[in-house]
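Enquirer: no sequence on hand, only this structure:
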């Protein structure tokens, strides 16, 4: 059974329960409220939400982008003692992913 999230949200609100939609990142970044509050950040390859709190004397900012998917996989595995050959074997077996599967 497929349930419409907006319908459930309305029913909960009518029952007096606080409720709101759950959006994915793309929906949040492109939402009119996010745009109005100037909370969309585009930096290098990344488009994301910025800092929601706005202080005039100490404004927040996004200085770094999050790592790309799998960007640090080899470094992390090396820290745990895996050799490049072992890491490559895990990658070849599909145990370690360095790119998202679609």
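Expert: In hand now; what should we look at? None of these values were measured; they are calculated from a predicted model.
Enquirer: okay, the most centrally placed residue in the chain and residue 40: tell me how far apart.
Expert: With distances taken as C-alpha atoms, centre = their mean, residue 25 lies nearest the centre of the chain, 6.0 Å away. Going from residue 25 to residue 40 by C-beta to C-beta, to the nearest Å gives 11 Å. Glycine gets a C-beta too; all of them are placed from N, C-alpha and C.
Enquirer: same check on residue 8?
Expert: 27 Å.
Enquirer: circling back to that earlier point, identify the contacts common to residue 25 and residue 40.
Expert: Shared contacts of residue 25 and residue 40 (C-beta atoms under 8 Å, 6 or more residues apart in numbering): 48-49.
Enquirer: so which of residue 8 and residue 40 has more stuff around it?
Expert: Shown here are residue 8 and residue 40; by other C-beta atoms under 10 Å, residue 40 has more neighbours (15 against 12).
Enquirer: is that one in a bridge, and if so with what?
Expert: Judged by DSSP bridges, the bridge partners of residue 40 are residue 49.
Enquirer: where do the domain boundaries of the chain fall?
Expert: With domains defined by automatic domain parsing, the chain comprises 1-60, 67-102.
Enquirer: adding mean pLDDT, write those out as CSV.
Expert: What follows is the domains of the chain, written out as CSV (pLDDT from 0 to 100):
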stretch, mean pLDDT
domain 1-60, 88
domain 67-102, 91
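Enquirer: quick one: secondary structure of residue 9?
Expert: helix (DSSP: H, G, I helix; E, B strand; the rest coil).
Enquirer: residues contacting it?
Expert: Here residue 9 is in contact with 19-21 (criterion: C-beta under 8 Å, 6+ apart).
Enquirer: and which of these is nearest to residue 34?
Expert: Nearest to residue 34, judged by C-beta to C-beta, of the contacts of residue 9 is residue 21 at 13.0 Å.
Enquirer: where do the helices sit along the chain?
Expert: For the chain, applying DSSP state H gives helices covering 5-14, 25-29, 32-36, 73-79, 84-92.
Enquirer: what is the nearest of the contacts of residue 9 to residue 46?
Expert: residue 21 (23.3 Å).
Enquirer: just checking, that closest one touches residue 5?
Expert: Yes - here residue 21 reaches residue 5: they are 6.2 Å apart, a contact under C-beta atoms under 8 Å.
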